[in-house]
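In: what's the 3D shape of this:
(one chain, ligands or ions: 1)
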Amino acid sequence: MYERLRQEVFDACQMLPRTGLAILTWGNVSRVDRKNEVIAIKPSGVPYDMMKPEDIVVCDLQGRVVDGHLRPSSDLPTHVALYAAWPQVEAIVHTHSPWATMLAQAGIDLKPFGTTHADTFYGPVPCTRPLARNEVDGDYELETGRVILETFQERGIAPDQVPAVLVASHGPFAWGHDAKQAVENALVLEQCAWMAVFDRLMDPEVMPVPAYLLDRHYQRKHGEHATYGQR
Ligand SMILES: O=C(CO)[C@@H](O)[C@H](O)COP(=O)(O)O
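Out: This is a model prediction of the structure:
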């Protein structure tokens, strides 16, 4: 049971060290199956190069383990909170990829400086506020999910139009329609963060891409009348 779901999460996990998005046991991947009301997630603390598909843990939508022989990722409550609030999100990836993490540690939004960004993100990728002491001392991973939701709600950002966030002092989370797409969004985020840091270094006054160009690039890939690729 759950073989396909486990295999999808396992394959996406293997993409993380291969693409340089994570080393050792850092980060995690999950996939929700809304019909069967389960979430498959990486086991906690298992190195990617030792992981097997059967190690992926299956939980219910509240985060209780229903099938698996290992403990789920410590970030499971963050994933649970996002799946509960955002029905359009089907898979979530958390990494500590260096450039995106540097922005998160500096508490800086990733601004859209060019079409590379606009092809995936319809506006800035926001950085959350820092978590307060009582939030960290309390249900820390659940509060991480809450602060992500708060950031998107307060700024009026749609999670399907900006499929990533920077959690202050922590790192990036990205999501998508499946686990592979979520990893790809995390990879685009990392590349854009890298370029943005250098854009700012070369020109501290660098301006975001004009709105009409952002719009053109985003819409041709993701809009109602998208034309990009082999349609
Ligand atoms: O940031 C964190 C912990 O908050 C994670 O990314 C860890 O680096 C991996 O945790 P597990 O998924 O192995 O529990």
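
In: Now do the residue nearest the centre of the chain against residue 31, distance only.
Out: The geometric centre of the chain, computed from its C-alpha atoms, lies nearest to residue 174 (Cα atoms, centre = their mean), at 1.3 Å. In this view, residue 174 and residue 31 are 13 Å apart by Cβ to Cβ, to the nearest Å. (C-beta placed from N, C-alpha, C; glycine too.)

In: now swap in residue 177 and tell me
Out: Counting by Cβ to Cβ - residue 177 and residue 31 are separated by 10 Å.

In: what's the answer for residue 188, then?
Out: 19 Å.

In: These two - which one has more neighbours?
Out: When residue 188 is set against residue 31 and neighbours are counted by other Cβ atoms under 10 Å, the residue ahead is residue 31, at 27 against 19.

In: Which helix or which strand is home to that one?
Out: Taking DSSP states H and E as the criterion, residue 31 maps to strand 28-33.

In: who does that strand touch, helix- and strand-wise?
Out: With contacts defined as 3 or more Cβ pairs under 8 Å, 6 or more residues apart in numbering; DSSP states H and E, the secondary structure elements packing on strand 28-33 are helix 3-18, strand 38-41, helix 76-85, strand 91-94, helix 179-202.

In: near the ligand, which residues of this protein show up?
Out: Within the chain, the positions lying close to the ligand (Cβ under 6 Å from any ligand atom) are 25, 26, 27, 28, 42, 44, 45, 73, 74, 75, 94.

In: Let me see the mean pLDDT of stretch 37-46.
Out: pLDDT averaged over stretch 37-46 equals 98, rounded to a whole number.

In: Can you point out the buried residues in it?
Out: 38, 39, 40, 41, 42, 43, 46 (16 or more other Cβ atoms under 10 Å).

In: first to last residue in it, what's the distance?
Out: 25 Å (Cα to Cα, to the nearest Å).

In: chain center to that stretch, what's the gap?
Out: Relative to the centre of its chain, stretch 37-46 is centred 15 Å away, using Cα atoms, centre = their mean, to the nearest Å.

In: Can you list the neighbours in contact with it?
Out: Residues from elsewhere that reach stretch 37-46 (Cβ atoms under 8 Å, 6 or more residues apart in numbering): 2, 5-6, 8-9, 13, 25, 28-33, 51, 55-61, 63, 66-68, 70-74, 76, 79-80, 83.

In: Can you tell me which of the residues you listed are buried?
Out: 2, 5-6, 8-9, 13, 25, 28-33, 51, 55-59, 63, 68, 70, 72-73, 76, 79-80, 83.

In: confidence score at residue 63?
Out: 98.

In: what do you get for residue 230?
Out: At residue 230 the predicted local distance difference test score is 88.

In: Okay, and residue 214 sits in which element?
Out: In the assignment (DSSP H and E), residue 214 maps to helix 211-222.

In: Packing partners of that helix?
Out: Identification of packing neighbours for helix 211-222 by 3+ Cβ pairs under 8 Å, 6+ apart yields helix 115-118.
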